[in-house]
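Participant: sequence and computational prediction follow.
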Amino acid sequence: MEYISLSQSLKKIFNTKVYKISLTSGCTCPNRDGKISYGGCTFCSEGGSGDFAAPFVPIDEQIKIAKERVNNKFSSKIAPEDRKYIAYFQSFTNTYGDVDFLSRIYMETIKKDEIVALSLGTRPDCINDKVLEMLKNLNKIKPVWVELGLQTIHETTAQKINRGYKLEVFEEAYRKLKEIGITVIVHVILGLPGESEDDILQTVSYLANISPKLDGIKLQLLHVLKNTKLAREYEENPFKIFTLDEYVDLVIKCLKILPEDIVIHRITGDGPKKLLIAPLWSADKKRVLNTLNNAIRKASREDKNK
């Protein structure tokens, strides 16, 4: 049960350590401004899942701020001028807005020497023809990734979390993005209220077998964050939250389903400590990652010995 981590993939492609820097496009979300709904998905924080992103200031200043946040992670052997980054526009829906404006800031970003790729977090229902043309043009300069928040294939759960679109919308957007050569990463949340382990594994299996083949996936632990609809639901009618051991076992089952050449961009995720309600064990990121990686290595060895 080997898997390719994002870090491994980037080092192989760019022959150096590469870090993501979280930026802000200024977009909102149709699930917040009333076009589809108000308030967003039930799990989404006030920061639009971009709580670690740079503030919305001119892009040069954003990049400077974001680089300062990650530069201490680089080896001192890599000179500042040689450090490489992926520009990740994370907050809210980064293809929902004036396409001419978005084209300008994304073009300004992607042309910078230190930026090796552009990654845009968005919704499948915000991929139209103008957006596709913009992405196609950007992709001619440097690689463009689109990160789609699917979370689940189950319509009952999608309605509960106020996702705001059906699976068919995801499938159409996915196909169109792949047709123009865009790298697509799909987000899945593990532990959504009411979902069984089988439900979660069905979502992962669906993505494991999707055509055209998936480029990457994020396995995101559900975080219950303050000031969200999910937090109110959890307070009024507490639902099951994974223990660390349960979560580790589930991640291993997910990895066994996924093809080994799909890049695993995330196996847990971050919830801001000041907002985190549950699971509290997830706040100790170092312990969580060590536990996950040790268990994955053990499972891999056991598979090889069978």
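Facilitator: Here it is on my side, so go on.

Participant: contact partners for Ala117?
Facilitator: Ile86, Ala87, Lys142, Pro143, Val144, Trp145 (CB atoms under 8 Å, 6 or more residues apart in numbering). Quick note: C-beta positions are derived from backbone N, CA and C, even for glycine.

Participant: can you check the pLDDT for the closest residue to the third one other than its chain neighbours?
Facilitator: For Lys142, the nearest residue in space outside its immediate sequence neighbours is Ile110; the separation is 5.2 Å by CB to CB, 6 or more residues apart in numbering. For Ile110, the pLDDT comes out at 98.

Participant: pretty sure Ile110 is in contact with Lys140, am I right?
Facilitator: No - between Ile110 and Lys140 there is no contact under CB atoms under 8 Å: 10.0 Å.

Participant: the two: who's more crowded?
Facilitator: With neighbours defined as other CB atoms under 10 Å, Ile110 and Lys140 compare such that Ile110 has more, 19 against 8.

Participant: next one: phi and psi at the more buried one?
Facilitator: phi -70, psi -20 (degrees, to the nearest 10).

Participant: list the contacts of it.
Facilitator: Ala87, Leu118, Leu138, Ile141, Lys142, Val144.

Participant: ok, now with 7 Å
Facilitator: Shown in contact with Ile110 (CB atoms under 7 Å, 6 or more residues apart in numbering): Leu118, Leu138, Ile141, Lys142.

Participant: how near is it to Ile189?
Facilitator: 29 Å (CB to CB, to the nearest Å).

Participant: next, format the contacts of Ala117 as JSON lines and append neighbour count.
Facilitator: Below are the contacts of Ala117 laid out as JSON lines (neighbours: other CB atoms under 10 Å):
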{"residue": "Ile86", "neighbour count": "20"}
{"residue": "Ala87", "neighbour count": "25"}
{"residue": "Lys142", "neighbour count": "16"}
{"residue": "Pro143", "neighbour count": "16"}
{"residue": "Val144", "neighbour count": "23"}
{"residue": "Trp145", "neighbour count": "21"}
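
Participant: can you redo the residues you listed as a markdown table with pLDDT, distance to Ala278 and secondary structure?
Facilitator: Formatted as a markdown table, these follow (pLDDT from 0 to 100; distance: CB to CB, whole Å; DSSP: H, G, I helix; E, B strand; the rest coil):
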| residue | pLDDT | distance to Ala278 | secondary structure |
| --- | --- | --- | --- |
| Ile86 | 97 | 30 | strand |
| Ala87 | 97 | 32 | strand |
| Lys142 | 98 | 39 | coil |
| Pro143 | 97 | 36 | coil |
| Val144 | 98 | 35 | strand |
| Trp145 | 98 | 30 | strand |
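
Participant: Val99: which of these is nearest?
Facilitator: Nearest to Val99 out of these is Val144 (CB to CB; 14.3 Å).

Participant: correct me, but the closest one touches Leu135?
Facilitator: Yes - between Val144 and Leu135 a contact is recorded at 5.5 Å, counting by CB atoms under 7 Å.

Participant: for the stretch 101-250 of the chain, which segments count as helices?
Facilitator: 129-139, 155-160, 167-179, 197-208, 229-236, 244-257 (DSSP state H, counting those that start in this stretch).

Participant: Serialize these to a markdown table and add fields for distance to Asp284.
Facilitator: Formatted as a markdown table, the helices of the stretch 101-250 of the chain follow (distance: least, CB to CB, whole Å):
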| stretch | distance to Asp284 |
| --- | --- |
| helix 129-139 | 38 |
| helix 155-160 | 28 |
| helix 167-179 | 33 |
| helix 197-208 | 23 |
| helix 229-236 | 20 |
| helix 244-257 | 9 |
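
Participant: mean neighbour count and distance to Ile13 added to those helices, as a markdown table?
Facilitator: Shown next, in a markdown table, are these (neighbours: other CB atoms under 10 Å; distance: least, CB to CB, whole Å):
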| stretch | mean neighbour count | distance to Ile13 |
| --- | --- | --- |
| helix 129-139 | 17 | 15 |
| helix 155-160 | 15 | 34 |
| helix 167-179 | 17 | 19 |
| helix 197-208 | 17 | 22 |
| helix 229-236 | 15 | 36 |
| helix 244-257 | 18 | 21 |
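
Participant: just so I know, which of the ones you listed lies nearest Leu6?
Facilitator: Comparing the helices of the stretch 101-250 of the chain under CB to CB, the one sitting nearest is helix 244-257, at 13.9 Å.
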